[in-house]
Each structure stands twice: as C-alpha cells, then as structure tokens.
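> Below are the sequence and a predicted model; questions follow.
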Amino acid sequence: QLQLMESGGGSVHPGGSLRLSCEASGSSLDNYAIGWFRQGPGKEREKVSCINGDGSTRSSVNSVEGRFTISRDNRRNTAYLQMNSLKPEDTAVYYCAALHGSSCPLPAARYLEIWGPGTPVTVSS
C-alpha cells in the first residue's frame, strides 16, 4: 500500500525559496500522478501543482505559475516542489497526494485518498 511522507518545509522570509519532497514507500510511484496541495489557516485545502506518472504532463494554479516547479524522480520514488519567490500568502501546510492511473490536473482534494501528513511552510518577515 502506497504511503507518502513530505519533508522540506520551514520558515523563510518573503522572496526566499524552499524545496519540498514527497517520498513514497510501499509501492512504486511510476503509475501515480502526484499532486501538491496546501491548506492555509482557516482555508480549504487547495490544489497547487500536479505531475503525471512519467513527468510528461504538469499543471499549476495561476497563483504559483512561474514561481513553483513540480518534478519527480521515479528511481527515487520521490516527487518535489521547488518554491521560489515565496510570498506571505504561500504560508500553509503543504501536502502531497497520489492517484493511480491519473493525469493532471488531479480531482479536488475531497476525492483523493492517499495523502502524506503534511509539512508546514511559513513565509514571514
């Protein structure tokens, strides 16, 4: 059974960068689309970026386009989210999710069952 674990969160100043990792265990990630989601204080969980199984298709929401880059290394069973030019409004707990046999974009968060526990990101001066 596929399990996910995020890492790489932390506190940065506006304009800073972080690289999040989503490491899978229990199964190969090859046939899973991976999505990064985030949930800010008092907000619903929202999509951020998605990458399909072989990395040929990616999508991101407008608010992070040009700043965040999603990637994956199936040999390492890991997906990544490189976040640059971070803004205070990017502050949230970031989660990765997986969906077998899917492409991008992923369905809304409520339809997904495989999640990591999340990693917090705080952007503040």
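Sure, I can see it.
> Please point out which parts of stretch 109-125 sit buried.
Within stretch 109-125, the residues that qualify as buried are 109, 112, 114-116, 118-119, 121, 123, counting by 16 or more other Cβ atoms under 10 Å. For the C-beta atoms, the positions are set from N, CA and C on the backbone; glycine is no exception.
> As TSV, those residues with secondary structure, distance to residue 6 and pLDDT would be great.
Below are those laid out as TSV (DSSP: H, G, I helix; E, B strand; the rest coil; distance: Cβ to Cβ, whole Å; pLDDT from 0 to 100):
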residue	secondary structure	distance to residue 6	pLDDT
109	helix	15	92
112	coil	14	94
114	strand	13	96
115	strand	9	98
116	coil	4	98
118	coil	6	98
119	strand	4	98
121	strand	10	98
123	strand	17	98
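> Find the pair from these with maximum spatial separation.
Taking Cβ to Cβ as the measure, those span a maximum distance of 27.2 Å, between 114 and 123.
> Just the closest of the buried residues of stretch 109-125 to residue 82, please.
Distance ranking of the buried residues of stretch 109-125 against residue 82, using Cβ to Cβ, places residue 121 first at 12.6 Å.
> Surely the closest one and residue 10 touch.
Yes: Residue 121 is within contact range of residue 10, at 6.9 Å (criterion: Cβ atoms under 8 Å).
> between the two, what contacts are shared?
Both residue 121 and residue 10 are in contact with residue 18, where contact means Cβ atoms under 8 Å, 6 or more residues apart in numbering.
> so how far is stretch 25-38 off the chain centroid?
Remark: stretch 25-38 is offset 10 Å from the chain centroid, using Cα atoms, centre = their mean, to the nearest Å.
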